[in-house]
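Visitor: Here is a sequence together with a model predicted from it:
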Amino acid sequence: MNNYQKHIKQIKELKGKPSLLLHICCGVCSVYPLEYLRKYFKITIFFSNSNIYPYEEYNRRLDALKTYLKILNDKDIVLIEDTYDNESYAQKLSPLKDEKEGGRRCYMCYGLRMERAYEYADRNHYDYFTTVMSISNRKNAEWLNEIGENLSKKYKYTKYLYADFKKNDGITNNEKMNKELNLYHQDYCGCIYSIRDNQK
């Protein structure tokens, strides 16, 4: 069963409106997933992205998310901003600094952010956890769901919500909605190494 089918199966089996801790990486990646998921879940956003360099860029992406939340005007959605610590994050990624974009460094980066968010979700007894990162063409949905599935075995309270938000015209809808909203759109993934790779 592929990731998208697992996602649809989970959504169909929902009862009521369970709580979801949703990791969001930037404003542009949040638009379609938030519009879609808020129909089924009570959402708390966890903005945990110490990978983003420099700090000014981090704030641009966070501000774009806040702008969209104002437009959405859904008072049931809560935003939590995690501590920003790019220096220690970059040190963790540095052994893989020479990896190409989309390789093992990115897998490690997904895992670090998802585990931090998943740990928070489980500690605070959220029903579900997922990330919006699969909406991006830069992100490997298979990897993201593999990481999520492995974390679900470690954290016993919170379930993992499988997702590939690119599917079923998700990426098309996201791009159309972003064009209408005119949100800030970054031109590199996030870390200092992705800036280097984007400039090649």
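Guide: Sure, I can see it.
Visitor: Show me what the longest helix along the chain is packed against.
Guide: Across the chain, the longest stretch assigned as helix under DSSP state H is helix 104-123. Applying 3 or more C-beta pairs under 8 Å, 6 or more residues apart in numbering; DSSP states H and E, one finds that helix 104-123 contacts strand 19-23, strand 42-47, helix 86-93, strand 128-131, helix 141-154. Using the backbone N, CA and C atoms, a C-beta is placed for each residue, glycine as well.
Visitor: so how far is the fourth one off the chain centroid?
Guide: It stands for strand 128-131. Taking C-alpha atoms, centre = their mean, to the nearest Å, the mean C-alpha location of strand 128-131 is offset from the chain mean by 9 Å.
Visitor: Please shift the residue numbers so they start at 59 in all later answers.
Guide: In the new count, where the first residue is 59, that last one comes out as strand 186-189.
Visitor: if we can go back for a sec, take the helices and strands packed on helix 162-181 and lay them out in JSON lines including mean pLDDT.
Guide: As requested, the helices and strands packed on helix 162-181 are exported to JSON lines (pLDDT from 0 to 100):
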{"stretch": "strand 77-81", "mean pLDDT": "98"}
{"stretch": "strand 100-105", "mean pLDDT": "98"}
{"stretch": "helix 144-151", "mean pLDDT": "96"}
{"stretch": "strand 186-189", "mean pLDDT": "98"}
{"stretch": "helix 199-212", "mean pLDDT": "97"}
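Visitor: Return the most buried member of the ones you listed.
Guide: The highest average neighbour count among these, using mean count of other C-beta atoms under 10 Å, belongs to strand 186-189 at a mean of 26.
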